[in-house]
Structures are given as C-alpha cells and as structure tokens.
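Participant: I would like to see how this sequence folds:
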Amino acid sequence: MSGPILIFDSGVGGLSVVPSLRHHLPGAALVYACDNAMLPYGIRPDAWLVERILAVCKAAVAASECSVLVVACNTASTLALDALREHLSVPVVGTVPAIKPAAAQSRSRHIGLLATSATVARPYTDRLIETFAADCRVTRVAADPMVREVERFLAGDEPDQAVIDAVTAPLWEAPDLDTVVLGCTHFPLLAERIVAAAPRPVQLVDSGEAIARRTAQVVQELEIASGRDESLATAPDARLARAVATFGFDEPRLLIVG
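Facilitator: Residues are numbered from 1 along each chain as shown. So this is what the prediction gives:
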C-alpha cells in the first residue's frame, strides 16, 4: 500500500484542483500542505523562493509519507520544479498555465493570462506562449491582489468585487479577447466573480483537469492508501481550518520546516 497524494500550494489556491483529483482518483487519501506563513509567493525573490519551496516540500513529504507530490502552484512550478525533482525521492507533478488549451479554444486568437506577477514575467511562461500560442495575441495581467481575495473568501468573508473588477479591467480593453487563462490555482475559486467582471462572455481555462489526469497517470500502478484527508500548514489558524474543511480536510496540523 502506497502513501497518500500530497498537494502543495503557498495558500488555499491548490484546493481548486482537489475536486478533479477526487474525480480521477476516487477513494485515494489526500494530504493538503500550504506555506501560508509566507503568503504570497508571487512577489518574493526567486532565489529565496526556490530555497523555501524545497524546504517546505521536503518537510511535507516527510510528514505525510506520500507517494507523489502535486505542486498545485504555478509560481512554485515555473520556478522550482526541476529542483524539487532533483532533491525529492517521490514523483513530482507540476502546474503550468493552461496556454495550450486556451490557444486551441480561442476563435479570435486573442487570449488573456491572469496570473501572479512572478508567473506573468517568468521565462517559462514566455516559452509556453512561443510553443503553443505563437499565432495568438496574449494579454498578460498581474493579479496578485486576487490571491488575498481568494484567501479571504475561503475563510468565510465575501471577496471584494471592486478589487476583482480593477485587477481584471486590462483584459477587457480589447473587444476581441475571448479566452482567459487562470494562471494561478487560486483564481478558479473566483471564477464566478471574474465572469461577473467581464463586460461580455469569455471562456475561462485552468489547469485542474490536466493536473488530475497527469497525477492519475503517475500513480496508476500504485495502490494509494485510503482514509481521512488531512492537512498541514506552516501557520495553522481557524480561518485556514474553515477553508480546508470546505473541501473535506481535517483541521491543519503544524508543519515544521527545518
């Protein structure tokens, strides 16, 4: 019997991939780990982030005794995926902005990328666009304030629609933009609010299904343990407990990072 599936994010955004994981891997035990003590990742220096992500993921892998690590964070994946795979003994599934499916779906050939400032500017993102959306115009929008809105939302507060409206406004300036990549795992949790901010119908594309399918492929020969879904956090509190409970996880235990 193999260990559970470990899902990692800086905050609660990685919870957006949980329904897809449960659909593709029914019955598999999940452990959710977040580094909420250092939220948000998207505005921190790259070198610091790589060191921190490695330290937190090593601690979470050891604490959970997992069989696979799902990095449900675009910032962490575009920056530290190679380092994680080099230093960890378990398979690592990463997350990248859904540029490829968005380009395939767009009829106007004008897509938007809504992500953190780190992901928007990452060379990895440049390569994704060059490879899969070379014939598209891509409007990139840094949306760091929306991360906090998601954290507040899952903790029981109403997100501020004015913040969402202001952050997404650059997407709507060109009338032909028809598809938006939600390039941060936090953002699918505000999908209805993003649609409400748009002055016309648009398609929203995220990575949740792709992450779940890839994870299912990685663990297809393993017998994943079943049981209660647990959570770990570097700063457990009542608001985080409320957020993870919404997705069926036990109250977070403290994750000690060496």
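Participant: Which residues are in contact with residue 49?
Facilitator: Going by Cβ atoms under 8 Å, 6 or more residues apart in numbering, residue 49 touches 41, 75-76, 79-80, 118. C-beta coordinates here come from the backbone N, C-alpha and C atoms, glycine included.
Participant: hmm, try it at 6 Å
Facilitator: residue 79 (Cβ atoms under 6 Å, 6 or more residues apart in numbering).
Participant: element containing it?
Facilitator: Residue 49 is part of helix 46-64, with elements assigned from DSSP states H and E.
Participant: Name the next helix or strand downstream of that helix, please.
Facilitator: strand 68-71.
Participant: which residues make contact with that following strand from outside it?
Facilitator: 5-8, 77, 90-95, 215, 218-219.
Participant: Can you give the distance of the helix holding residue 49 from its chain's centre?
Facilitator: 16 Å (Cα atoms, centre = their mean, to the nearest Å).
Participant: what about the nearest residue to residue 212 once chain neighbours are set aside, distance to residue 200?
Facilitator: The shortest distance from residue 212 to any non-neighbouring residue, by Cβ to Cβ, 6 or more residues apart in numbering, is to residue 20 (3.6 Å). Going from residue 20 to residue 200 by Cβ to Cβ, to the nearest Å gives 27 Å.
Participant: Okay, now stretch 125-145: how far is its last residue from its first?
Facilitator: Across stretch 125-145, the terminal residues are separated by 20 Å (Cα to Cα, to the nearest Å).
Participant: my bad, stretch 57-77
Facilitator: 12 Å.
Participant: Show the average pLDDT along that stretch.
Facilitator: Averaged across stretch 57-77, pLDDT comes to 95.
Participant: Same question for stretch 154-174.
Facilitator: Per-residue pLDDT values across stretch 154-174 average out to 95.
Participant: any idea how far it is from the chain center?
Facilitator: Averaged C-alpha coordinates place stretch 154-174 at 18 Å from its chain's average position (Cα atoms, centre = their mean).
Participant: who touches that stretch?
Facilitator: Residues from elsewhere that reach stretch 154-174 (Cβ under 6 Å, 6+ apart): 12, 112, 141, 143, 145-146, 149, 153, 193, 197, 199, 239, 242-243.
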